[in-house]
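In: generate a structure from the sequence data that follows.
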Amino acid sequence: MAPLHLLSTHYSFTPTKSFPKTLNPHSSISFPNPKPLKSKPLKRPLKIHATSTLNQQSPSKTLQTSNSSNPKSQKVMVIGGDGYCGWATALHLSKKGYEVAILDNLVRRLFDHQLGLSSLTPISSIQNRIKTWKNLTSKSIELFVGDICDFEFLSESFKSFEPTSIVHFGEQRSAPYSMIDRSRAVFTQHNNIIGTLNVLFAVKEYNPNCHLVKLGTMGEYGTPNIDIEEGFLTITHNGRTDTLPYPKQAGSFYHLSKVHDSHNIAFASKAWGIRATDLNQGVVYGVRTEETEMHEELSNRFDYDGIFGTALNRFCVQAAVGHPLTVYGKGGQTRGYLDIRDTVQCVELAIANPANQGEFRVFNQFTEQFSVNDLARLVTKAGEKLGFEVKTMSVPNPRVEAEEHYYNAKHTKLIELGLKPHLLSDSLLDSLLNFAIKYKDRVDSAQIMPNVSWKEIGVKPKTVSV
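Out: Next up, the predicted model:
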């Protein structure tokens, strides 16, 4: 029997000294060809039908059903639970009474070492984080360390924990990272697309009733000159009408990987009867949630650099250290934004109100729209209230994107399920700025300016800080 790649199942896990086998920690990222997967015949065929009614499906290998809204009956596996959104979500769900497991290959921490980056906030190891949570709340979070691109590892983790819902954050999430060089572009697409495909096969094989909640991105839509609907668009063409997936206009190799994820999930739902929710999330800001504030060992990461930092978080750090706010180009780029406290709330709502069997549904996950210039004005005003001068500078836009455009995206489905948004307020901006001031001695000013160009991406790997 082949050895298992399951490295841990509990918070007391002692880490090995090796990095995930698909990554070389001492050089640029390398991408070996995936090893052949050993297929095992099923003892009996699965009878899966694409249907919207739960009682028409009776799969023979079902572990548990996921259509219960009672948290105590639900086991949620958070893939990518060591990351920015994943960590906050795992704690939130644990506090709400869900049985939670984190699955992560910890590669996001490796990216920092490779690129010379660091979180504004000191972040503890995942093992210490989980141990601290257990000590504070008496709630256990199981831990599986490994790569979902390794299907054997994923399978053993899935069979061990038996999730009723999967929250999938486990992807390379940065558009600039995917545009650094060829190797990062290849890694992004391989990691994201193959990882998600493996998750779909694991659901089909081990629990077809499991509900997949997948983090997508509003960036899949691009910036069309028409309103953005939630996943689907009803059109009439040459006298015939149909409802079709909303057209995708991805703006980076990262966004393209998300588009392909969406297609794969939609197909799996149709072909295999998988229940899936695609959360097309806007730009997240903030760092604190009720759970991460309980102890410094639970602190979330706060990225401010030009690769992983999001716009509002970056601006707050720039203002705190006296650096002009870096507005790309004309600054009219408009996107949907949300507080990280709403990210965890949206995921909880999706789990508590699962998709039907065979249903692929799309929620646009954001609460407000802002242009880059809007954010710069808000941060400038908040900074002046705290007594320091905030300046703004226009820098050449490293991206290939429209800098002035129409943007009106619908986002009603999560509100209808009960989302109570934390809208961007003066008090929240004050809090973010004070938070940035508290840790300003940790800011590396060399990481503030953008250094990744969409047009200048090349084949030569960049192995030092960009």
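
In: which neighbours does the helix or strand where residue 233 lies have in its sheet, and in what orientation?
Out: Assigned by DSSP states H and E, residue 233 belongs to strand 232-237. Based on DSSP bridges, the pairing partners of strand 232-237 within the sheet are strand 240-245 (antiparallel).

In: how far off centre is the helix or strand just after the partner strand?
Out: Downstream of strand 240-245, the next assigned helix or strand under DSSP H and E is helix 253-272. Chain-centre distance of helix 253-272: 15 Å, with Cα atoms, centre = their mean, to the nearest Å.

In: follow-up on the earlier one: pull the residues that contact the strand holding residue 233.
Out: Under the contact criterion Cβ atoms under 8 Å, 6 or more residues apart in numbering, strand 232-237 has outside partners 241, 242, 243, 244, 245, 246, 247, 362. Any C-beta I mention is one placed from the backbone N, CA and C, and that applies to glycine too.

In: which of these are buried?
Out: Neighbour counting over the contacts of strand 232-237 (16 or more other Cβ atoms under 10 Å) leaves 246, 362 as the buried ones.

In: helix or strand for residue 177, which one?
Out: Assigned by DSSP H and E, residue 177 falls in helix 175-178.

In: if I look at the residue lying farthest from the centre of the chain, how far off is residue 231?
Out: For the chain, the largest distance from the centre (Cα atoms, centre = their mean) belongs to residue 239, which lies 40.1 Å off. Look at residue 239 and residue 231: by Cβ to Cβ, to the nearest Å, they are 25 Å apart.

In: can you report how many residues lie near the closest residue to residue 75 other than its chain neighbours?
Out: Closest residue to residue 75 apart from its sequence neighbours, by Cβ to Cβ, 6 or more residues apart in numbering: residue 99 at 4.5 Å. If you count neighbours by other Cβ atoms under 10 Å, residue 99 ends up with 21.

In: pretty sure residue 99 contacts residue 77?
Out: No - under the criterion of Cβ atoms under 8 Å, residue 99 makes no contact with residue 77, lying 9.7 Å away.

In: coming back round to it: and the helix holding residue 177, what does it pack onto?
Out: helix 182-189, helix 253-272 (3 or more Cβ pairs under 8 Å, 6 or more residues apart in numbering; DSSP states H and E).

In: which one, of those helices, ends up nearest to residue 163?
Out: Closest to residue 163 of the helices and strands packed on helix 175-178 is helix 253-272 (Cβ to Cβ; 16.4 Å).

In: next SSE downstream of that closest one?
Out: That would be, after helix 253-272 and using DSSP H and E, strand 275-281.

In: partner strands of the helix or strand following that following strand, with direction?
Out: With elements assigned by DSSP H and E, the helix or strand that comes after strand 275-281 is strand 283-285. Sheet partners assigned to strand 283-285 using DSSP bridges are listed as strand 334-339 (parallel).

In: starting at the chain centroid, how far to the strand it pairs with?
Out: Once both centres are worked out by Cα atoms, centre = their mean, strand 334-339 turns out to sit 15 Å from its chain's centre.

In: much appreciated, bye for now.
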